[in-house]
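Undergrad: Need coordinates for the below:
(4 chains)
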Protein chains: 2
Amino acid sequence: MPDSTSHVVISVALGVRAGRLEAAIRSVERAPGEPLDAALARATDVAALGHVEQLETRVLRDGRLATAYLGLTRTPDGGLPADADEHELAEAARARLRGKLSYTNAGFALAPETFTISELREVYVAALGHDVSATNLQRVLLRRGVLERVDGVRAPGRAGGRPASLFRFRSQRLEITDEFAALRPPGSRASG
Amino acid sequence: MPDSTSHVVISVALGVRAGRLEAAIRSVERAPGEPLDAALARATDVAALGHVEQLETRVLRDGRLATAYLGLTRTPDGGLPADADEHELAEAARARLRGKLSYTNAGFALAPETFTISELREVYVAALGHDVSATNLQRVLLRRGVLERVDGVRAPGRAGGRPASLFRFRSQRLEITDEFAALRPPGSRASG
DNA sequence: CCAAAAGTGTTGAATGTACACCCATGG
DNA sequence: CCATGGGTGTACATTCAACACTTTTGG
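TA: Numbers count the residues shown, from 1 in each chain, chains lettered A, B, ... in the order given. From the prediction side, this is the model:
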């Protein structure tokens, strides 16, 4: 029976699988005095999340208070949104991710350790919901220093084609890569 | 005596006064079953806030759960941060505002109804914590369609000088004015 | 006239997008 | 040698910071 004094902690883990941005949702009741991250760790495997941030706190339709977290993972699994609250949280999580992808290195938490630009492009297409040019994706992310090349290539498939270079994200922590579009502090133009 | 099952709703209202970005903090205990915005309305005068958004939920040092809201106001008053938790929330609010100022029209909620570019510049300097060029501020905000001129000028002071034109924000609701720095959907360049 | 404050013009750099073209592989 | 997929070069538009210059006022 729902208790309006209880507090639920919800994990919304986003990840790309089969070209789709899936949301895996899990929740637990927070014990009295329990830290939020402890409850979150009971709700989901935090080690599988490359990035975690708080999403939103709201009163659920059953009257319970809930605090949702957005997690990003390479290996999304199970726990699809069940009720209306969970659908809304999943949508909020997707919207948040879409925003962050364009000005942070958030992709690191969705893509495998190393990847080709084509593979990365598929991740971005799934997460953003619109087409992305591999050419420009590579150029933007390399210029910003978000990606770096690693040794080795991926062999082409049966259809042939030039072998693809492998890349990785330079950092595995969320970083802002395009800090201010305008109104920078004076004399702070990037020059590297 | 602090009760670890109680839920506190905290309003952090930011506003510029005398060239400083002040944080006015107020909190209430949320009643069982009470909606979050109802509790927030008991904590502060929501009508005086041009914009409100949720900031963060955390467990306070005394064990209570707290959900903080960021508000922006033209008329900051009283309620300065008292304890360590409140100081941290005020700092989080300032950081959030700094980020939003550069890619949204958030200034509308801090500036008076109409203002000169110099006056608006003072607001931005206080909020951002670094110098801002009035020339470029005007150009960027006009180009984005964030500001518009209104009739009339502000008479110069004793020292003379050209009378300043008056401007206002075109919208009084938070809008994103610089949506994607990169990775826009194909063919979506602004052209007007 | 001169100082002060506001506003406009202009330049140069950085950033992104689009698209043509070249490279490397399988069949 | 051709189709396919990967990558680079180049041209162009947009945006912004910096700074010189002009405008309009008070004394």
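Undergrad: Do a quick rundown of the strands in chain A.
TA: Counting by DSSP state E, one finds strands in chain A at the ranges A:7-17, A:20-29, A:49-59, A:65-73, A:147-154, A:164-169.
Undergrad: okay if I get these as a markdown table plus mean neighbour count, mean pLDDT and distance to B:Ile25?
TA: All C-beta spots, glycine's among them, are computed from the backbone N, C-alpha and C. As requested, those are exported to a markdown table (neighbours: other CB atoms under 10 Å in any protein chain shown; pLDDT from 0 to 100; distance: least, CB to CB, whole Å):
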| stretch | mean neighbour count | mean pLDDT | distance to B:Ile25 |
| --- | --- | --- | --- |
| strand A:7-17 | 24 | 97 | 22 |
| strand A:20-29 | 20 | 96 | 29 |
| strand A:49-59 | 20 | 98 | 18 |
| strand A:65-73 | 24 | 98 | 21 |
| strand A:147-154 | 12 | 96 | 42 |
| strand A:164-169 | 18 | 97 | 38 |
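Undergrad: Quick check: which of these is nearest to B:Thr177?
TA: For the strands of chain A, proximity to B:Thr177 was assessed by CB to CB; strand A:49-59 is nearest, at 23.4 Å.
Undergrad: Now do the same contact list for A:Ala43.
TA: Residues in contact with A:Ala43 (CB atoms under 8 Å, 6 or more residues apart in numbering or on different chains) are A:Val9, A:Ile10, A:Ser11, A:Arg26, A:Ser27, A:Val28.
Undergrad: again with A:Arg121
TA: Counted by CB under 8 Å, 6+ apart, A:Arg121 has contacts A:Val132, A:Ser133, A:Ala134, A:Leu137.
Undergrad: who touches the third one in this structure?
TA: Listed by CB under 8 Å, 6+ apart, the contact partners of A:Ala134 are A:Ile117, A:Ser118, A:Arg121.
Undergrad: Skipping its backbone neighbours, what lies nearest A:Val146 in space?
TA: A:Asn105 (4.8 Å; CB to CB, 6 or more residues apart in numbering or on different chains).
Undergrad: on that earlier part again, which of the contacts of A:Ala43 lies closest to A:Thr44?
TA: Nearest member of those to A:Thr44, counting by CB to CB, is A:Ser11, at 3.9 Å.
Undergrad: Just the helices from chain A, written as ranges.
TA: Assigned by DSSP state H, the helices in chain A fall at A:36-43, A:84-103, A:117-128, A:134-143.
Undergrad: need the residues of chain A near chain B, please.
TA: A:4-5, A:7, A:32-33, A:35-36, A:54, A:56-59, A:63, A:65, A:67, A:101-103, A:124, A:128, A:130-133, A:137, A:140, A:178, A:180-183, A:185-186 (CB under 8 Å from any CB of the partner chain).
Undergrad: residue nearest the centroid of chain A?
TA: Chain A has A:Leu72 as the residue nearest its centroid, 3.6 Å off, counting by CA atoms, centre = their mean.
Undergrad: who's in contact with it?
TA: A:Ala13, A:Leu14, A:Gly15, A:Leu49, A:Gly50, A:His51, A:Val52, A:Leu97, A:Ala106, A:Ala109, A:Leu110.
Undergrad: Beta-bridge partners for it, please?
TA: Beta-bridge partners for A:Leu72, by DSSP bridges, are A:Leu14, A:His51.
Undergrad: From B:Arg143, how far off is it?
TA: Going from A:Leu72 to B:Arg143 by CB to CB, to the nearest Å gives 34 Å.
Undergrad: Low-confidence ranges, chain A, go.
TA: Across chain A, the ranges flagged by pLDDT under 70 are A:1, A:180-192.
Undergrad: DNA strand C contacts on that one?
TA: A:133, A:135-136, A:139-140, A:143-144, A:155-156, A:158-163, A:178, A:189-191 (CB under 7 Å from any atom of the strand).
Undergrad: which of those count as buried?
TA: A:Val140, A:Arg144, A:Asp178 (16 or more other CB atoms under 10 Å in any protein chain shown).
Undergrad: what are the phi and psi angles of the second one?
TA: Put plainly, it is A:Arg144. Backbone torsions of A:Arg144, given as degrees, to the nearest 10, read phi -80, psi -10.
Undergrad: Nearest spatial neighbour of it, chain-adjacent residues omitted?
TA: Nearest residue to A:Arg144, sequence neighbours excluded (CB to CB, 6+ apart): A:Thr177, at 4.7 Å.
Undergrad: contacting residues for the one you found?
TA: Counting by CB under 8 Å, 6+ apart, A:Thr177 has contacts A:Tyr103, A:Thr104, A:Asn105, A:Arg144, A:Gly145, A:Val146.
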